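*Asks:* would you be able to build a 3D model of this:
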Amino acid sequence: MIKIWFLMAYIAYPNVSAIVYKGFGGYVEKEECESLLIDTENYIVDFESKQGRTTLYVNVACEEILAFPGSIKPKTPKDGTSFGT
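*Replies:* Coordinates of the predicted model:
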């Protein structure tokens, strides 16, 4: 079993009832993910400001996801087609 850390940001905008989720890649080591927290939060705030949106709240966190190697196998094409179904 492999642990993968995903850097996720949750953003709430004024006058909008939903929370927006933005994912930023996966990292094998927790420390690598955590080292990017502040930079990612600053990037999101700057990007949203340039778009003319004022962010009300930004929360950036590393969340652990367990991956199972070999559990997903690619399909092979049948009858010379490029589709695996």
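
*Asks:* could you list the low-confidence segments of this protein?
*Replies:* 1-2, 55, 67-85 (pLDDT under 70).

*Asks:* in this protein, which residue is closest to the centre?
*Replies:* For the chain, the residue nearest the mean C-alpha position is G23 (1.8 Å; C-alpha atoms, centre = their mean).

*Asks:* can you tell me the helix or strand for it?
*Replies:* For G23, the host element (DSSP states H and E) is strand 19-27.

*Asks:* repeat for A9
*Replies:* Assigned by DSSP H and E, A9 belongs to strand 2-12.

*Asks:* where's Y43, which helix or strand?
*Replies:* Using DSSP H and E, Y43 maps to helix 37-50.

*Asks:* kindly export that helix (C-alpha atoms) in PDB.
*Replies:* The C-alpha coordinates for helix 37-50 follow below in PDB (Å, rounded to 0.1, in the frame of the first residue of the first chain):
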ATOM      1  CA  LEU A  37       1.200  25.000   1.800                       C
ATOM      2  CA  ILE A  38       2.000  28.700   2.200                       C
ATOM      3  CA  ASP A  39       3.200  29.100  -1.400                       C
ATOM      4  CA  THR A  40       0.000  27.500  -2.700                       C
ATOM      5  CA  GLU A  41      -2.200  29.600  -0.500                       C
ATOM      6  CA  ASN A  42      -0.500  32.800  -1.600                       C
ATOM      7  CA  TYR A  43      -0.800  31.700  -5.300                       C
ATOM      8  CA  ILE A  44      -4.500  31.100  -5.000                       C
ATOM      9  CA  VAL A  45      -5.100  34.500  -3.300                       C
ATOM     10  CA  ASP A  46      -3.100  36.300  -5.900                       C
ATOM     11  CA  PHE A  47      -4.700  34.400  -8.800                       C
ATOM     12  CA  GLU A  48      -8.200  35.100  -7.500                       C
ATOM     13  CA  SER A  49      -7.400  38.800  -7.000                       C
ATOM     14  CA  LYS A  50      -6.200  39.100 -10.500                       C
END
